[in-house]
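Engineer: prediction below, plus the sequence it came from.
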Amino acid sequence: MPLARLLLALVLAALTALALPVAMPAPFGAAAIAQDVAAAPDYAQWEKDAALAEQVLEQDRASNQALEQLRDRIVDWRAKFAAAQTANQQRISTLRNQIAALGDPPADGQTEAPEIASRRSELNDQLSKLQAPGIAAVEAHSRAEGIIREIDTVIRDRQADALLKLSPSPVNPINWPAGAAVLTQGIKTLWNETAGAWDNPARRTEFRNNLPVIILYLVVAAILVLRAPRFIEGLTGKLRHSASMRMRDIAASILSLGQVIVPVLGVLLLVLAVKATGMTGLRSGELIGALPDAAAAFFLARWLGSSVFSGGTAAPIVVDRPLEARFHAGMLGLAAAIEVMRV
């Protein structure tokens, strides 16, 4: 029994001895130095990035997107320098207290004890070395701030110039020949694509095979675009006058959204019908693909106009001429649709 206890004690002592080096912390000075080295910014890489940014700004050829990416990189550097400014603060504070404990330096013409002078010089040297990383970080942070301000100024000036730049007005007759030439060229491109597809026997076979589906799509699309909005509008009006007060407005508002959703679905069927013909090309395919977004813009504006300027004292906005207000809302939607179609 005593032998077993002795063996157990030896095993525990061995395990404790093995775990002790792992549990012991590293020397304070070495750990602090390693931490400072790991946390210190890479000033060599920063010098390269800063020089590149200054060169890009000087040449003024980079796009706004490239400038934004460059700005993000400099912002990351600025954050690193802001954190590095506080390096060694605790040790610096301790050294300053030590230097202050030595008393004021001797005045001109006076001397102090050699031991104190030597200690003061040693502490001042240590303080200078510890302050160097923070001073370098402050200088680099100031440089990064300046680069970011320059990038912001360039982007802001470009945006202001683009905002104030006047585009050719279609009202000006001088621009009509150029506009007519662009329109004519676009029509020719679409015609050539369609004619080229029709000359392809495989495309014609595809068109004939899909003809029943194409006709079905076109019929349903015509009903959804031309007839369904008026039907939903009438049904919404009946619902507002027949349902209970609590649910009337909610149900009517939800149903009225069909004036946007249903015709857009019809336009989607129209797009499917055109694509099923197999006669679309690159440019015409892009044009047809933009139709649903354009239809959504138009029908949404028209729905907003009819909902807001419905007329009567119960309308959300009471105007003298609600029909004219709805017309202008529809025209705004048409302008938005045309803008969407500019592929």
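Structural biologist: Structure received.
Engineer: all contacts plus neighbour counts: C-alpha atoms, from now on.
Structural biologist: Noted.
Engineer: what is the rounded mean pLDDT of the helix or strand residue 81 falls within?
Structural biologist: Following DSSP states H and E, one finds residue 81 within helix 64-84. Helix 64-84 carries an average pLDDT of 92.
Engineer: what's the answer for stretch 129-148, then?
Structural biologist: Taken as a whole, stretch 129-148 has a mean pLDDT of 89.
Engineer: CA atoms only for it - export them in CSV, please.
Structural biologist: Extracted C-alpha coordinates of stretch 129-148, given in CSV (Å, rounded to 0.1, in the frame of the first residue of the first chain):
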residue,chain,number,x,y,z
LYS,A,129,12.8,54.2,-29.0
LEU,A,130,9.4,53.5,-27.6
GLN,A,131,7.9,56.7,-29.0
ALA,A,132,9.3,56.1,-32.5
PRO,A,133,6.5,53.6,-33.6
GLY,A,134,3.7,55.9,-32.5
ILE,A,135,5.3,58.9,-34.2
ALA,A,136,5.7,57.0,-37.4
ALA,A,137,2.0,55.9,-37.2
VAL,A,138,0.9,59.5,-36.6
GLU,A,139,2.8,60.6,-39.7
ALA,A,140,1.5,57.8,-41.8
HIS,A,141,-2.1,58.4,-40.5
SER,A,142,-1.8,62.0,-41.6
ARG,A,143,-0.6,61.0,-45.1
ALA,A,144,-3.5,58.5,-45.4
GLU,A,145,-6.0,61.2,-44.4
GLY,A,146,-4.7,63.5,-47.1
ILE,A,147,-4.9,60.9,-49.8
ILE,A,148,-8.5,60.0,-48.8
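Engineer: can you tell me which residues contact the residue lying closest to residue 300 once chain neighbours are set aside?
Structural biologist: Excluding the flanking residues, the one nearest residue 300 by CA to CA, 6 or more residues apart in numbering is residue 260, at 5.6 Å. The contact partners of residue 260, by CA atoms under 8 Å, 6 or more residues apart in numbering, come to 229, 296, 299-300, 303.
Engineer: give me the subset of those that lies in helices.
Structural biologist: With helices defined by DSSP state H, the entries of those inside them are 229, 296, 299-300, 303.
Engineer: can you put these in a markdown table and add pLDDT?
Structural biologist: A markdown table is the format used below for the ones in helices among the contacts of residue 260 (pLDDT from 0 to 100):
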| residue | pLDDT |
| --- | --- |
| 229 | 80 |
| 296 | 91 |
| 299 | 89 |
| 300 | 90 |
| 303 | 84 |
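Engineer: and the residues you listed, which is closest to residue 140?
Structural biologist: Among those, residue 296 lies closest to residue 140 (CA to CA), at 51.3 Å.
Engineer: quick one: the residue nearest to that closest one when sequence neighbours are not counted from residue 213, how far?
Structural biologist: Excluding its sequence neighbours, the residue lying closest to residue 296 (CA to CA, 6+ apart) is residue 264, at 5.9 Å. Counting by CA to CA, to the nearest Å, the separation of residue 264 from residue 213 is 19 Å.
Engineer: so these two - more neighbours on which side?
Structural biologist: Between residue 264 and residue 213, counted using other CA atoms under 10 Å, residue 264 has the larger neighbour count: 25 against 15.
Engineer: list the contacts of the more buried one.
Structural biologist: 225, 292, 295-296, 299.
Engineer: just residue 189 next, same as before
Structural biologist: residue 283.
Engineer: could you give me the buried positions within the helix holding residue 81?
Structural biologist: 67-68, 70-71, 73-75, 77-78, 80-84 (16 or more other CA atoms under 10 Å).
Engineer: got a list of contacts for that helix?
Structural biologist: By CA under 8 Å, 6+ apart, the surrounding residues in contact with helix 64-84 are 39-41, 46, 49-50, 53, 133-134, 137-138, 140-141, 144-145, 147-148, 151, 155.
Engineer: and what of stretch 150-162?
Structural biologist: In contact with stretch 150-162 (CA under 8 Å, 6+ apart) are residues 57, 64, 67, 71.
Engineer: what ranges in the stretch 201-343 of the chain fall below the confidence cut-off?
Structural biologist: The stretch 201-343 of the chain contains residues with pLDDT under 70 at 237, 239-252, 310-320, 343.
Engineer: good, wrapping up.
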